[in-house]
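>>> let me see the structure of the following:
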Amino acid sequence: MSEKDIGTVVVTGASGGVGRAAARAFGARGLAVALLARGEAGLAAAAADVEAAGGTALPVAVDMADQDAVERAADAIESALPPIDVWVNNAFSSVFAPFAEVEPEEFRRATDVTYLGYVNGTRTALRRMRPRDRGTIVQVGSALAYRGIPLQSAYCGAKHAIVGFTESLRCELMHDRSDVRVTMVQMPALNTPQFSWLRSRLPRHAQPVPPIYQPEVAARAVVHAALHPRRREYWVGGSTVGTVLGNRVAPGLLDRYLARTGYDSQQTGSRADGGRGNLWAPADRRDDHGAHGEFDRRAHRHSVELWASLHRSGMVAGLTAAGAVGAVVAATRSRRPLGQS
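Numbering: from 1, shown residues only. So this is what the prediction gives:
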């Protein structure tokens, strides 16, 4: 799909973090961007970002856990803007705590937003895309979709569920010979506001597990995935690659490693502030938190692994050409015809 073929892009969780950065990146391409989130201040600021970048913005306040509300939001979007051609699922909430300290209603709410919010968004997008037989759904995932870590059981469970749900959906679309595409982007640790606004019962302030990347790195991957949705999945950051592949090879070893290191690596040296988090109400209702969190000084602005992933076909061609040149050089030096041992 090329940019000129895109009517409207919908980004959920657009008021902060990855969603905010992705909305701004789509706006910089001159696209119409509908921004879905709960926080009014964050939404207004995100809309201003999109407009300043050169796009058209439509902020819509909605709780992604409410299917009917998501449907009404989509109707409002298509009444005001061109048809929805790209839908980016990104909204989430969770709790930082050992599983035994997460209340049942908290776990349910985190699942409703982080997993069922993606299901609701996908259903709403499909109801509009399938009759037109075009469109792309981008599921913003995580390395934790393949490898659970301590203190994030609700989040890890939801991200694992999104993978299974998306794989089922992809097969059904292929069976129906649909031109609607669905792809996933698995993210590394990111410098987003979540570590300040998620509910936490940790004794010290929560932090992303290093290495940490800026949300703009994730946004570039999301935009690329939306424009190149035939790839079933993109991995962002070397830590994502290492985590996913390492878990395939030695999951038991990772169990023991994370049991030993996973608590300290997710906390800073500062005491927790005891905030209530954004499970039930948005943290950016009155104050805009932007795309970045508190870890700018430690966050990477670029990812070599992302560049390699986005340019995979060119790299393969380059390696093939390099191999051919190497074979010619070797054959010349040995004075033997190519193909002769």
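>>> okay, CA-based contacts and neighbour counts for the rest of this
Will do.
>>> tell me which stretches of the stretch 51-200 of the chain form helices.
Taking DSSP state H, counting those that start in this stretch, the helices of the stretch 51-200 of the chain run over residues 67-80, 104-114, 116-132, 153-175, 194-197.
>>> hmm, who's touching the fourth one?
Under the criterion Cα atoms under 8 Å, 6 or more residues apart in numbering, residues 93-95, 98-99, 107, 110-111, 114-115, 118, 141-142, 144-149, 179-182 lie in contact with helix 153-175.
>>> quick one: buried ones out of these?
Neighbour-count burial (16 or more other Cα atoms under 10 Å) applied to the contacts of helix 153-175 gives 93-95, 98, 107, 110-111, 114-115, 118, 141-142, 144-149, 180-182.
>>> wait, what's in contact with the residue lying closest to Asp287 once chain neighbours are set aside?
Spatial nearest neighbour of Asp287, excluding adjacent residues (Cα to Cα, 6 or more residues apart in numbering): Ala41 at 5.6 Å. When contacts are counted by Cα under 8 Å, 6+ apart, Ala41 is found next to Asp284, Arg285, Arg286, Asp287, Asp288.
>>> quick check: Gln152 touching Ala100?
No: counting by Cα atoms under 8 Å, no contact exists between Gln152 and Ala100, whose distance comes to 11.4 Å.
>>> more neighbours, those two?
Gln152 (18 against 9; other Cα atoms under 10 Å).
>>> could you measure from Val180 over to Arg123?
Remark: distance between Val180 and Arg123 (Cα to Cα, to the nearest Å) = 12 Å.
>>> repeat for Val217
In this view, Val217 and Arg123 are 28 Å apart by Cα to Cα.
>>> quick one, which of the two is more surrounded?
Val217 (23 against 15).
>>> quick one: buried residues of the helix or strand encompassing that one?
Element membership for Val217 (DSSP states H and E) is helix 215-227. For helix 215-227, the neighbour count (16+ other Cα under 10 Å) marks Pro215, Glu216, Val217, Ala218, Ala219, Arg220, Ala221, Val222, Val223, Ala225, Ala226, Leu227 as buried.
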